[in-house]
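> fold the following and give me the result.
(chains A, B and C)
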Amino acid sequence: MGPGLYNYWMVIVLMMTGLYVVLARPNLVKKIMGVTIFQMSVIMLYITLGKVAGGTAPILIEGAEDVAYSNPVPHVLMLTAIVVGIATTALGLALAIRVYEEFGTLEDDEIRDAEIADAMAAEAGGAD
Amino acid sequence: MSHLISIVTENLPMLQVVLPMLAAPLCVVVHHRRATWWVALVVTWASFANSVALARKVYLEGPLSYFVGGWEPPWGIELRIDELNAFVLCLVSAICAVVLIAAPRSFDQEVESDRHHLAYAAFLLCMTGLMGIASAGDAFNVFVFLEISSLSSYGLIALGPSRRALSSALRYLIVGTLGGTFILLGVGLLYMSTGTLNLVDLQQRIPASDGHRTIVVAMVCVVVGACIKLALVPLHGWLPDAYTFAPSVVTAFLAATATKVAFYVLARFLFSVFGVASSIDRFHVDWVLLPLALVAMVYGAAAAIFERDVKRMLAYSSLSQIGYMVVGLALVTKSGLTGGIVHLVNHGLMKCGLFLAIACVVLRFGSPHLGVQRLGSTHLDRLRGLGRSMPWTSAAFVLGGLSMIGVPATVGFVSKWYLVLGAFEAGKWWVAALILFSSALAIAYVWKVVEVLYFADPPRREDEVGEAPWWVLGPTWVLVGASLVFGVWTAPTVRMASAAAEVLLPALAGAGP
Amino acid sequence: MNDAIGLTPESVLLVAVLLPLATAVAVVAFGRWPNLREGATLSGGAVTLALVAGILLPAVRGGGRPRIDLFEILPGLQVSLHGEPLGLIFALVASSLWIVTSLFAVGYLRGHHSPNQTRFFTFFALAIFGALGVALSANLLTLFLFYELITLCTFPLVTHDGTERAKKAGRLYLGLLMSTSVGLMLPAVIWIWNTTGTLEFRPGGILQGHVAGGSAAVLLALFAFGTAKAALMPVHRWLPAAMVAPTPVSALLHAVAVVKAGVFTLTKVVVYVFGLDLLSTGAARPIQWIAAFTLLAASVVALYQDNLKRRLAYSTISQLAYIVLGATLAAPKALVGAGLHIVMHAFGKITLFFCAGAIYVHAHKTNLRQMHGLGRRMPVTFMAFFLGSLSVIGVPPLGGSWSKLWLGSGAAQGDEPWAVAVYMLASLLAIGYLMPVVARGFFGEPSPDDAFCRDQDINEASPLLSLPPAFTALCCLALFVFAGELADFLGGMLGAPTSTAIGAP
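The predicted model follows:
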């Protein structure tokens, strides 16, 4: 529980914030934000993993013997994860725009109402 | 020439992933509706041939390792093919290849004509992702490929003709990304406590850090993430909507592949990476998975009975069938696992066939205008009397349905045989009872449709009836036929599945048949 | 000569099972030409019967047990056929009655201008395919496969009329038969496979030494209720409901394919899976009681049915329970009696159904109270009905008397006097529910507004409708003479080919 772990505490707070937003907010764009926050928290976790206390950037220094390097692997992985995250957010927002065009709202409960109306219309259409 | 052949044969594990990946942007560039289809078709069939060749090689020579770019692990990326993923790869590429034949006619109907090339591109990317998951040798690439397949599948679902496709896709995106991120989190925690991402290395190092709490949390994260992707009850919310509103061909494709690959991830992590010793003996994941799977099995079937939209009914039936697969896994016996894995393929074949039969119906009944008015085209009432006007489609549906029930001489029977046998082996006769109870429920929902097809008066609109074109009917029958053939000639599927089960449960090899 | 054309008993097994399937294909192919289509059905039936009776029967009688493995359906599990006395008897019954029923069905459906006749004859042939498969199956898995096939193929027959009632009956029929077979019989099969590692039918059984008494009782219960086709209460409900089907279908359901497949399965399982020794320890006691209850209860219910077909349906339930009780008594004589009763009841009951069908098509009557004096108008039909009734009741000189004698003496042999009493009581009840039909027909006073029955002239149904029942009634008489040989032959399933080993009844 030392001060050295405060990164992890921050990760947990972010993670829970993200999850809460996804679960509790009816607005779809806010849900996308929640997902993004959640993703960012995991990315920060990885970055924290790679940090070695007192370590420097993992660039081989000619002649220097006992230099501590940070672990580059998690950082490299996170480059990919960030790309994935951006792609997800972009796709999510694009879909949100289309949903707004079709339904005229981004509130999940209102969309559900509209969907139920659609389903009733379909039922009527299917039964003719 | 021979040089070229040797290059191809040496790079088989990579080619099946790379080919569709490279073809996807090509589709976007080519842009022409039919030309892109040809590109996709050639590539998927090539991938299919590739995975069959690969499976053959694995069975003859044992597991293969492929180092991408020649870099050996732990620095490079490894693709590792053993009996389990060879099996999954064959299923995924076969389904892609067959479904794609039906795609153009169905897309003509359901997808706006200037978006076909994008649909094919997304289809190929999704295939890349799924093939990639199944061949990846390290945990991080499982995540990356999972996201590739997920992102493209959100796009594919959103192409559906009704506006509800958009909202379903967006909801799936939100839930699915959570699932993917959970897996990423789990992988991170694994790396934290073992210092490796390679699946084989993980398998060796995890026992050393026995009981470490980080490992437990990692396992929970991976299981939750995989179960979201797998749509195991209670994490199934996204599936019925997504399957119902996606274009018919996309539903057929996703239903047969996406959840199956998620099942593969779950099985791979629980049995190979964490190992039975830690996942089952120590942390009793089966205590959680087995009840959930049983609930899924019964709930899915019961919900399907009350559903009036056939496509949605099949989606609920998928929930139930996913339950079967997870039951097989959670029994932790050789026969049970064989049953789960063989059901992975069997359910893929029959459900894909059924969804394609639905695609045939939609093709006949969907109005040419896109939008709200044709939403009801898979409503049960639309199927009235189709047995007469679309005999081949209806017959395909009946045969697929029989397989779903598990009538002998269909693939459904083979799966059920092994699952029940596994339940007896595990001494859990009540699991066997529930499996068979759920099969009895399947009789109810399948027969509900059969009655409407054959015993209801057809609707008045005579001008709409007529058999679907062979371009769609053919693939339907290929899959339905396969589900009959592999129900009688079970040697290939069962052998492959039991070999795969032995990979996962090496300690139990030799037990059971 | 047989060898000259390559027909060994082994290959005949396969050919005999496949012929009905080929017939079904031919029926579809000739669907447009009704006469050709019916010709296909009849010749298919004739050839099948000739093969079974001419090649398989002598081979098995000579002590041979031909066997053919077709293909491996699950690793270690073959789909195989074999010939043994019990199965051969069932195959003979099925293939011979197929021909007669087809003739009758031609008369019935054409007299009735029924639609979808091609569909009817196709599924009819497919149901026989299933029945022959069940009869000649060499292991439980093969049997289960064909058992389900029968269920599926008879579904379109039950719902042939396509009315709301037919649909409801079909739902009950399929739902009950399939959910019990999948839900009870399949786990029993898998259980046996898991404990013994084999599903082969072997003389003396395969379970001996593998399961204890309690498990054996549970397994037997799973089979008894899992084969809902044997219509043991409370899984008998489908049978009266299925009476909405056309009468030839009822004949097929109640005499040839369906119910006989059920009791045959049970008998076969008792003899070749459980073995008599295992069941004689009291494991079969609960099922015996349920069978006895079904026997009596169904007879009593039959007394109160006014609809002739429903009355016959309940009579069938009762007679099937005869067989189930006989089989589960697990005494050698009772088993021979059970086997004999499969034959005798088949011929007796099909006669009765043919008559009911002829009456319906010709005189448009379905209920008992409309049949006063009808026997004087349709003497052939009613004489056939009389003979059939006597056989079902068990009066000499008709076949049914022998099977009941064997069953009764088997009960005595097994030291179960209560079972003897149940058998006798049920026979009395059978008089009570069958004889009134005959008595009203011949001696009843027609109601004043019943023009058909008041007519004085003989007004018999067309030959296609009246001759089949007459023929099967005569068969009942003939079976009385041949019952001894049949019993000898059936004794072979217990490993003792002559009646001396098990004692004459």
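
> surely residue C:81 is in a helix?
No. Applying DSSP: H, G, I helix; E, B strand; the rest coil, one finds residue C:81 to be strand, outside a helix.

> OK, contacts around it?
C:13, C:14, C:17, C:67, C:68, C:70, C:133, C:136, C:137, C:138, C:142 (Cβ atoms under 8 Å, 6 or more residues apart in numbering or on different chains). Glycine gets a C-beta too; all of them are placed from N, C-alpha and C.

> give me that answer again for 10 Å
Applying Cβ atoms under 10 Å, 6 or more residues apart in numbering or on different chains, one finds that residue C:81 lies in contact with C:10, C:12-14, C:16-17, C:66-70, C:87, C:132-133, C:135-139, C:142, C:146.

> contacts with chain B among those, please.
C:70, C:142, C:146 (Cβ under 10 Å from any Cβ of the partner chain).

> PyMOL command for the buried members of the contacts of residue C:81?
Entered in PyMOL, the line below selects the buried ones among the contacts of residue C:81, by 16 or more other Cβ atoms under 10 Å in any protein chain shown:
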select buried, chain C and resi 10+12+13+16+17+66+67+68+87+132+133+135+136+137+138+139+142+146
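
> mind checking which of the contacts of residue C:81 land in helices?
Mapping the contacts of residue C:81 onto helices (DSSP state H) picks out C:10, C:12-14, C:16-17, C:87, C:132-133, C:135-136, C:142, C:146.

> what about the strands in chain B?
Remark: strands assigned in chain B by DSSP state E are B:64-67, B:78-81.

> tell me what the first one is packed against?
Using 3 or more Cβ pairs under 10 Å, 6 or more residues apart in numbering or on different chains; DSSP states H and E as the contact test, the elements touching strand B:64-67 are helix B:12-30, helix B:33-61, strand B:78-81.

> residue C:282: what secondary structure?
coil.

> which phi and psi does the nearest residue to residue C:329 once chain neighbours are set aside have?
In this structure, residue C:329 finds its nearest non-sequential neighbour in residue C:414, 4.7 Å apart by Cβ to Cβ, 6 or more residues apart in numbering or on different chains. When read as degrees, to the nearest 10, the backbone of residue C:414 gives phi -80, psi 10.

> distance of the residue nearest to residue B:106 when sequence neighbours are not counted relative to chain C?
Excluding its sequence neighbours, the residue lying closest to residue B:106 (Cβ to Cβ, 6+ apart) is residue B:249, at 4.4 Å. Using Cβ to the nearest Cβ, to the nearest Å, residue B:249 is found at 30 Å from chain C.

> alongside chain C, which residues does the stretch 301-450 of chain B contribute?
Counting by Cβ under 10 Å from any Cβ, the stretch 301-450 of chain B sits next to chain C at B:335, B:338, B:398, B:402, B:405-410, B:413-414, B:416-425, B:429, B:432-433, B:435-444, B:447-448, B:450.

> give me that answer again for 6 Å
Residues of the stretch 301-450 of chain B lying near chain C by Cβ under 6 Å from any Cβ of the partner chain: B:407, B:408, B:409, B:420, B:421, B:424, B:432, B:436, B:439, B:440, B:443.

> tally of neighbours for the fifth one?
By that I understand residue B:421. The tally of other residues near residue B:421 (other Cβ atoms under 10 Å in any protein chain shown) stands at 26.

> next up, the contacts around it.
B:335, C:190, C:194 (Cβ atoms under 6 Å, 6 or more residues apart in numbering or on different chains).

> what's the answer for the second one, then?
With contact set as Cβ under 6 Å, 6+ apart, residue B:408 has these partners: C:144, C:145, C:148.

> any weak-confidence spans in chain B?
B:210, B:366-377, B:459-465, B:507-513 (pLDDT under 70).

> tell me the domain ranges of it?
B:12-282, B:284-513 (automatic domain parsing).

> ok, the nearest residue to residue C:367 once chain neighbours are set aside to chain B distance?
With Cβ to Cβ, 6+ apart as the criterion, residue C:367 has its nearest non-adjacent residue at 5.0 Å, and that residue is residue C:306. Distance of residue C:306 to chain B, given as Cβ to the nearest Cβ: 28 Å.

> got it, and residue C:307?
Taking Cβ to the nearest Cβ, one finds residue C:307 at 24 Å from chain B.
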